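3D model of this:
(chains A and B)
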Amino acid sequence: MAEVHVIGQILKAVDFAEPHLYCKWSLQSGSAWKLVQGEVAGQTLVSSNRLEQASDFAHPLDIHLATASIQGWPKLHVEVYAVNVLHKSWPVGYGFVHIPSRPGAHRLELLTWKVAPLTWWDSVREKFGGGGVGLSKADLIYTGVERYKLQTRSSGKIIIDLNLVFRNFAKFGVEFK
Amino acid sequence: MSDSPTTASYFNIFITGQLEAMEFPLGPNAAEVFCRYEVVYGPDWELVSGVQSGISQTASNRSGYFKDKIIFNFPLEWTFKSTTPFGWPQLIVCIYGKTRWGAETSLGYSRINLPVFGSNDNNPIVTPILCPQNSNMVSELASWITGRNPELKDPKALLSNGKLKGISAESYGEVVFKLATILRGTDRLGYDWG
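Okay, here's the model as predicted:
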């Protein structure tokens, strides 16, 4: 089996309207992929920046995967949540990004979207930091099948650093060129 | 994996570099700053040479402009031995400040992965400083009276996925590292470092 090491961090979220943010993340991959060591889901701390419209997380990622197939190449799925003074949280950004297909150090910029408010009341509530609408099915984020049902708005950007080390792909004739 | 003939073997990494400076855009909330660092790594790793934890000098930019970098130029050198990149070493830096009246308080925490591919002069490793926030009004008041910021009981929680839930932090300032990596024996184990 060929192996993939993903070592890196969710560095920060920028350009979101809300100041206090946290991320939930998970790694999604096909059925031929097996987790050897590490965790494939997690949650960052709630963060804000004293001066800028940004939230720094510096949240570590360390994942060791083994695979028998290139199909189902792993992708990182991230949901950004805002927290208000009443400790209520609601989603403000969804996104996914494929793990780069080259070994090396990569800085990824993940542009996110959120669900458009359905009613006038939802949009008022969102504007004043009282909550927003979210998805009930997370797989809408990283599969394209049912996306046509959604109406979305653009949201902020997440910056992710990944270092990728591959092993034994050459032995199976897989070339990264 | 089991089909690899070299599972019993290991590779080495050599990390050299420095904690160059800290930057606080509106100046640090203390007259003097120092930090304690600790390197944390996975179960398959072994520290061959270098120190696992240490303390920097007490530095200040008081002689200059408040926005100036606080230069540490603190040397960092390690050699590790491992059988797998999993558990790649990370560095936690706990930053403390001394106020003009001698009170010591936490200014926050930073963490980095030691570079897998090295960093160079044009791309230093810049990492935010996270300051934990008080979770309730009582501790906020206590913190205001004593002049001490909240601290993490175990800074290693910053490296975990589960223990961070509910912790709230504010970032202020950055730490700048310049680190280089040298590898030995990874090709032999079938690793593709790109």
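
What about residue 169, how many residues nearby?
Going with chain A. 18 (other Cβ atoms under 10 Å in any protein chain shown). In this view, the C-beta of every residue, glycine as well, is placed from N, C-alpha and C.

Switch to chain B, please.
Residue B:169: 29 neighbours (other Cβ under 10 Å).

Spatially nearest residue to it (excluding sequence neighbours)?
For residue B:169, ignoring the flanking residues on the chain, the nearest one in space by Cβ to Cβ, 6 or more residues apart in numbering or on different chains is residue B:130 at 4.3 Å.

Okay, and the beta partners of that neighbour?
residue B:109, residue B:171 (DSSP bridges).

That one is in contact with residue B:168, isn't it?
No - using Cβ atoms under 8 Å, residue B:130 is not in contact with residue B:168, being 10.0 Å away.

Looking at those two, which one has more neighbours?
residue B:130 (25 against 20).

For that one, list the residues it contacts.
By Cβ atoms under 8 Å, 6 or more residues apart in numbering or on different chains, residue B:130 lies in contact with A:45, A:47, A:56, A:58, B:108-110, B:158, B:169-171.

Now those residues in a markdown table, please, with extra columns for pLDDT and distance to residue B:24.
Shown next, in a markdown table, are these (pLDDT from 0 to 100; distance: Cβ to Cβ, whole Å):
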| residue | pLDDT | distance to residue B:24 |
| --- | --- | --- |
| A:45 | 93 | 21 |
| A:47 | 94 | 17 |
| A:56 | 95 | 14 |
| A:58 | 94 | 17 |
| B:108 | 94 | 10 |
| B:109 | 95 | 15 |
| B:110 | 96 | 13 |
| B:158 | 88 | 20 |
| B:169 | 92 | 16 |
| B:170 | 93 | 13 |
| B:171 | 94 | 11 |
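
so can I have TSV of these showing distance to residue A:13?
Formatted as TSV, those follow (distance: Cβ to Cβ, whole Å):
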residue	distance to residue A:13
A:45	12
A:47	8
A:56	8
A:58	12
B:108	18
B:109	19
B:110	18
B:158	17
B:169	13
B:170	14
B:171	11
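
Between which two of these is the distance greatest?
B:158 and B:170 (14.4 Å; Cβ to Cβ).

the more surrounded of these two?
Neighbours were counted for residue B:158 and for residue B:170 using other Cβ under 10 Å; residue B:158 has more, 25 against 20.

Now do the helices in the chain.
With no chain named, the answer covers chain A. A:120-127, A:139-142 (DSSP state H).

hm, I was asking about chain B
B:137-146.

Low-confidence ranges, it, go.
B:1-8 (pLDDT under 70).

Just the strands from it, written as ranges.
B:11-23, B:32-40, B:45-49, B:53-55, B:70-82, B:90-98, B:104-113, B:125-132, B:168-184, B:191-192 (DSSP state E).

For residue A:168, find the nearest of those.
strand B:191-192 (8.3 Å).

Residues touching that closest one, excluding its own?
With Cβ under 8 Å, 6+ apart as the criterion, strand B:191-192 contacts A:103, A:165-167, A:169-170, A:176, B:11, B:85.

Mind picking the lowest-pLDDT entry from the residues you listed?
In terms of pLDDT, residue A:176 ranks lowest among the contacts of strand B:191-192, with 85.

can you pull up the bridge partners for residue 97?
Let's take chain A. Following DSSP bridges, residue A:97 is listed with bridge partners residue A:76.

right idea, wrong chain: chain B
Beta-bridge partners, per DSSP bridges, of residue B:97: residue B:33, residue B:105.

That one contacts residue B:131, doesn't it?
No - assessed by Cβ under 8 Å, residue B:97 is found out of contact with residue B:131, at 10.9 Å.

ok, which stretches of chain A are strands?
A:2-14, A:21-28, A:33-38, A:41-43, A:46-49, A:54-67, A:75-83, A:89-98, A:104-115, A:152-167.

Paired strands for the first one, with orientation please.
When sheet partners are counted by DSSP bridges, strand A:2-14 sits next to strand A:54-67 (antiparallel), strand A:152-167 (antiparallel).

CA atoms only: put it into PDB for me.
The C-alpha trace of strand A:2-14 is given here as PDB (Å, rounded to 0.1, in the frame of the first residue of the first chain):
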ATOM      1  CA  ALA A   2       1.100   3.500  -0.700                       C
ATOM      2  CA  GLU A   3       1.100   6.000   2.100                       C
ATOM      3  CA  VAL A   4       0.400   9.700   2.500                       C
ATOM      4  CA  HIS A   5       1.400  11.900   5.400                       C
ATOM      5  CA  VAL A   6      -0.400  15.200   5.900                       C
ATOM      6  CA  ILE A   7       1.300  17.400   8.400                       C
ATOM      7  CA  GLY A   8       0.300  21.000   8.700                       C
ATOM      8  CA  GLN A   9      -2.100  23.500  10.300                       C
ATOM      9  CA  ILE A  10      -5.300  25.400   9.800                       C
ATOM     10  CA  LEU A  11      -3.700  28.800  10.100                       C
ATOM     11  CA  LYS A  12      -6.500  31.300  10.100                       C
ATOM     12  CA  ALA A  13      -9.800  32.500   8.800                       C
ATOM     13  CA  VAL A  14      -9.900  35.900   7.100                       C
END
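
Show the contacting residues for residue A:70.
residue A:174.

nope, residue B:85 is what I was after
Residue B:85 touches A:5, A:7, A:64, A:165, B:116, B:191, counting by Cβ under 8 Å, 6+ apart.

Go through those and name the one nearest residue A:32.
residue A:64 (15.5 Å).

so the closest one makes contact with residue B:84?
Yes - using Cβ under 8 Å, residue A:64 is in contact with residue B:84, at 6.9 Å.

Find residues that contact each of the two.
Overlap of the contact sets of residue A:64 and residue B:84 (by Cβ under 8 Å, 6+ apart) consists of A:5, A:37.
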